[in-house]
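Peer 1: Below are the sequence and a predicted model; questions follow.
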Amino acid sequence: MLLDIEIDAKDHVDAAGVARPVLRGLRLALARGEAGAVLGPSGCGKTTLLRIIAGLDRGFSGRVTLPAHSRLGMVFQEPRLLPWRSVEDNIRIAAPLARAEEVAALLEAFGLAGHALHFPGRLSLGLARRAALARALAIKPDLLLLDEPLVSLDAAMALSLRARIARLIDETHVTTLIVTHDLSEAIALADRIFLLSKPPARVLATLDVATPRRLMTEEARRELTQKAQAALADL
Amino acid sequence: MIRFVSFASILLLWAALAQLSDPRHLPGPLPVAEMIFSEARSGELFLALGATLARVAASFAIAMGLGSALGYLMGRCRIADDILDPWLVVLLNVPALVVIVLAYVWAGLNEAAAVGAVALNKLPGAMVLAREGARAQDPALDEMAQAFRVSRRARLRHVVLPQLAPYLAASARSGLALVWKIVLIVELLGRPNGVGFKINLAFQLFDLRLLLAYALPFVAIMLAIEVLLAQPLERQVSRWRLDAARHRD
């Protein structure tokens, strides 16, 4: 296993000092080269889970096991590019070891070659997401973390980015964990789908996708949708 | 162009008023210019300007460096804020003159006391602005830098300083104007050279020509620093803002 998570308890403490349980007994594991999707309703603690994996939140009980010195490529929901640095510099700052031709190739692959020297303020959300994705890949991550990568994009843009991410996973076999509230997105991208319960969240069920991404058939999609809906209906 | 006309009208007004009044109370632009040239020829003017500029530079650098660092620390670290805030409030409210006199009495009439007293006057202002800047840092970008394990140095240069820049620019510009005025007072009270010393001399001789001959070139130098250095730097630093506003689609 590349990633093995056991979170016994994670609470959010509000301004009044009252603790609200967010995650309880959440177990999840991902093998090297696998793409997992964590599916759950909004506000169920998915982003909290990603932040814990990325090491940004240490206030929980449990453990996150990753190989030593793993590089994590994080793509936040908002692109979080430095607005005062060009797109290319944003990538170089996150990945100082990446060679110039590697950065150029990434920019090319994500259709950003013409924007390399632009400030991120010029980019549409779709382009900025791609830039954030390119930045995460530039560090040659052992684990790629995507937080709602398609949210707030218009339908056409979301489909095209989805296809791009699917191709990326198929071609590079980078271990990926995607957090999403959209079942069709999870089915289109993942090898394995983790269905989260309502808060406090745990993994209700794990669905294995036998025909992931480009192998996906209409029939498999329907079957997975039914299974997921059945599992969620048991709540 | 409008600025130029406005500036010329100040000169004209000055010349007109000088015509109407006693030259001992208000010498005209030409006599003052003559005085500037004669002081420049003798070298006195440049010695005084140099001494004052050196004091301005030293105290400005100390106050900005130390004040910004302390202020940033206060904005980022609760304990530092709790410890330093009372000091800050005291410093903010002690009159400049009191600090100067105390510095001269305690440390003697020397250069260190002069520069230190000026720096101490600017210090709290620099701290307040840097603290505001530190508090306004975007936590989302902090997290990004942490997630990508950006080195401390790169984080300072690419994440922290660009966000602090508008606060530091405001602090530097208001600070420069404050520092040079206080430097003149320090010189007037206890230094044997510099523009402030010359102004004191002119005051004792009731020679307003001499006073203006030292004051005006110094104002011109500070103006030049503002226009040629501070403003272009500020434009360069905020380039990305304009770019985003112009090209958003």
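Peer 2: All right, it came through fine.
Peer 1: quick one: average confidence on stretch B:27-47?
Peer 2: Taken as a whole, stretch B:27-47 has an average pLDDT of 92.
Peer 1: can you list the residues that contact it?
Peer 2: Outside of stretch B:27-47, the residues within contact range by Cβ atoms under 8 Å, 6 or more residues apart in numbering or on different chains are B:11, B:14-15, B:18-19, B:23, B:193, B:198, B:208-210, B:212-214, B:216-217. C-betas here are computed from N, CA, C, even on glycine.
Peer 1: and these, which two are the farthest apart?
Peer 2: By the measure Cβ to Cβ, B:Gln19 and B:Asn193 form the most distant pair in these, at 34.4 Å.
Peer 1: Next, the buried residues of stretch B:229-248.
Peer 2: Buried residues in stretch B:229-248, counted by 16 or more other Cβ atoms under 10 Å in any protein chain shown: B:Glu234, B:Val237, B:Trp240, B:Asp243, B:Ala244.
Peer 1: does any part of that stretch sit near chain A?
Peer 2: Yes. Stretch B:229-248 reaches chain A (Cβ under 8 Å from any Cβ of the partner chain) through B:Trp240, B:Arg241, B:Asp243, B:Ala244, B:Ala245, B:His247, B:Arg248.
Peer 1: Just the C-alphas of that stretch, formatted as CSV.
Peer 2: Only the C-alpha atoms of stretch B:229-248 are listed here, as CSV (Å, rounded to 0.1, in the frame of the first residue of the first chain):
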residue,chain,number,x,y,z
LEU,B,229,13.2,55.6,-6.6
ALA,B,230,10.1,55.0,-4.5
GLN,B,231,7.4,55.5,-7.1
PRO,B,232,9.0,53.4,-9.9
LEU,B,233,9.7,50.6,-7.4
GLU,B,234,6.1,50.7,-6.2
ARG,B,235,4.8,50.5,-9.8
GLN,B,236,7.1,47.5,-10.5
VAL,B,237,5.9,45.7,-7.4
SER,B,238,2.2,46.2,-8.1
ARG,B,239,2.6,45.4,-11.8
TRP,B,240,0.6,42.1,-11.5
ARG,B,241,-2.4,44.0,-10.1
LEU,B,242,-2.8,46.2,-13.1
ASP,B,243,-2.1,43.4,-15.4
ALA,B,244,-4.9,41.3,-13.9
ALA,B,245,-7.4,44.2,-14.0
ARG,B,246,-6.6,44.9,-17.7
HIS,B,247,-6.7,41.4,-19.0
ARG,B,248,-9.3,39.6,-17.1
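Peer 1: For the residue nearest the centre of chain A, give the beta-bridge partners.
Peer 2: Geometric centre of chain A, nearest residue: A:Leu146, 1.8 Å, by Cα atoms, centre = their mean. As for beta bridges, A:Leu146 partners with A:Val75, A:Ile178 under DSSP bridges.
Peer 1: Not counting sequence-adjacent ones, nearest residue to whichever residue of chain A sits closest to chain B?
Peer 2: Per Cβ to the nearest Cβ, the residue of chain A with the smallest distance to chain B is A:Gly121, at 2.4 Å. Once flanking residues are discounted, A:Gly121 sits nearest to B:Ala244: 2.4 Å by Cβ to Cβ, 6 or more residues apart in numbering or on different chains.
Peer 1: which other residues reach the host helix or strand of B:Val105?
Peer 2: If you go by DSSP states H and E, B:Val105 is part of helix B:96-107. Applying Cβ under 8 Å, 6+ apart, the contact partners of helix B:96-107 are B:Ala113, B:Ala114, B:Gly116, B:Ala117, B:Val118, B:Leu120, B:Asn121, B:Ile182, B:Ile185, B:Val186, B:Leu189, B:Gly190.
Peer 1: distance between it and the chain's centre?
Peer 2: For helix B:96-107, the separation from the chain centroid amounts to 20 Å (computed by Cα atoms, centre = their mean, to the nearest Å).
Peer 1: The next helix or strand along the chain from it and chain A, any residue contact?
Peer 2: Following helix B:96-107 in sequence order, the next helix or strand is helix B:111-135 (DSSP H and E). No. Helix B:111-135 does not reach chain A (Cβ under 8 Å from any Cβ); its nearest approach is 14.1 Å.
Peer 1: what is the mean pLDDT for helix B:111-135?
Peer 2: pLDDT averaged over helix B:111-135 gives 95.
Peer 1: which parts of it are buried?
Peer 2: The neighbour-count check on helix B:111-135 (16+ other Cβ under 10 Å) flags B:113-134 as buried.
Peer 1: Need the single longest helix in the chain, by residues.
Peer 2: Since no chain was named, I'll use chain A. Ranked by residue count and defined by DSSP state H, the top helix of chain A is helix A:155-172.
Peer 1: should've been chain B
Peer 2: Counting by DSSP H, the longest helix found in chain B is helix B:44-76.
Peer 1: Show me what the next helix or strand after it is packed up against.
Peer 2: Scanning forward in sequence from helix B:44-76 by DSSP H and E, the next helix or strand is helix B:78-93. The contact analysis (3 or more Cβ pairs under 8 Å, 6 or more residues apart in numbering or on different chains; DSSP states H and E) places helix B:78-93 against helix B:44-76, helix B:111-135.
Peer 1: low pLDDT regions in chain A?
Peer 2: Regions of chain A meeting the criterion pLDDT under 70 cover residues A:234-235.
Peer 1: What segments of it are strands?
Peer 2: A:3-13, A:19-30, A:35-39, A:61-65, A:72-75, A:143-147, A:175-180, A:192-196, A:203-208 (DSSP state E).
Peer 1: Other residues contacting the longest one?
Peer 2: Contacts to strand A:19-30, defined as Cβ under 8 Å, 6+ apart, come from residues A:1-14, A:36, A:38, A:45, A:48-49, A:60, A:62, A:143, A:175, A:177, A:192, A:194, A:196, A:199-203.
Peer 1: Any figure for the gap between the nearest residue to B:Ala58 once chain neighbours are set aside and B:Leu201?
Peer 2: Nearest in space to B:Ala58, with sequence neighbours left out and distances taken as Cβ to Cβ, 6+ apart, is B:Val115 at 4.8 Å. To B:Leu201, B:Val115 is 21 Å away according to Cβ to Cβ, to the nearest Å.
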